[in-house]
Each structure stands twice: as structure tokens, then as C-alpha cells.
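Engineer: pasted the sequence and its predicted model underneath.
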Amino acid sequence: MITRITPRQVVARMTKGEPVQFVDARGEPSWAEAAEQVSGAVRVRLPTLTRDATKVSRSCPIVVYGADDAEADAPRVAEQLRILGFTPVRILSGGFAAWRAEHRPVQRKEASA
């Protein structure tokens, strides 16, 4: 089972200089409605996971997020990345909604993602 990490815990690690690779695992409806993503995030979708995973860094911890905790794709993507050998992999508690609610860095989502 993949463990969760809060936005504050992620920011605390980043403040210490620890790099983090964010993975945006929002499903199609959530992605289509969104204008933003976590700054520096890479989009990984279940149907194209193996291809999308080539864009994910293997040199630092991975933090996977969905729209919120109810989104089922985030845990599935996190588990598949773990199976592909990415470590450590954690799930962002509260997803993008929690990140945004705490006014953490976001960017306009990439049109090609």
C-alpha cells in the first residue's frame, strides 16, 4: 500500500532542499475542468502510464495527486509507478484541492499534457 503525505510535509521537505517530482494523476473529467496543476508536475494517465512514466524523474521522491482524496486514479497510478520501480512513491493527501487550498505553487497546465 502506498502511504500518503500532506501538502505541509511536502513543503517542509522542499524547504530543506529535497527535490520532489509531482505526478498529476487526475482523471479526464477533473483534468478537462482544471486550468492549473502543481508547479513542475508531470501528467501520468492510466491508459498511457508506461509511456507517460518516461517523463518522471527516478532521482527523487514521487508525489502523486488527484483532484482530491475521492479520485481513484491517483492511488492506481502511484501503485503502477511503484511496480515500475519508482521509489519512494507517496500520494498527496487531499490531492490538488488541498494543495491549492494551502496556496502552494501552481502553474497553468500544459496544453500538450
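Structural biologist: Happy to help now that I have it. Residues are numbered from 1 along each chain as shown.

Engineer: what does the residue sitting furthest away from the middle of the chain show for phi and psi?
Structural biologist: Going by Cα atoms, centre = their mean, the residue of the chain most distant from its centre is residue 16, 19.7 Å out. Per-residue torsions, residue 16: phi -80, psi 0 (degrees, to the nearest 10).

Engineer: average pLDDT for the lengthiest helix in the chain, rounded please.
Structural biologist: Ranked by residue count, the top helix of the chain under DSSP state H comes out as helix 73-83. Computed over helix 73-83, the mean pLDDT rounds to 96.

Engineer: what comes up buried for that helix?
Structural biologist: Along helix 73-83, these residues count as buried under the neighbour rule (16 or more other Cβ atoms under 10 Å): 73-78, 80-82. Where you see a C-beta, it was placed from the backbone N, CA and C, and this is true even at glycine.
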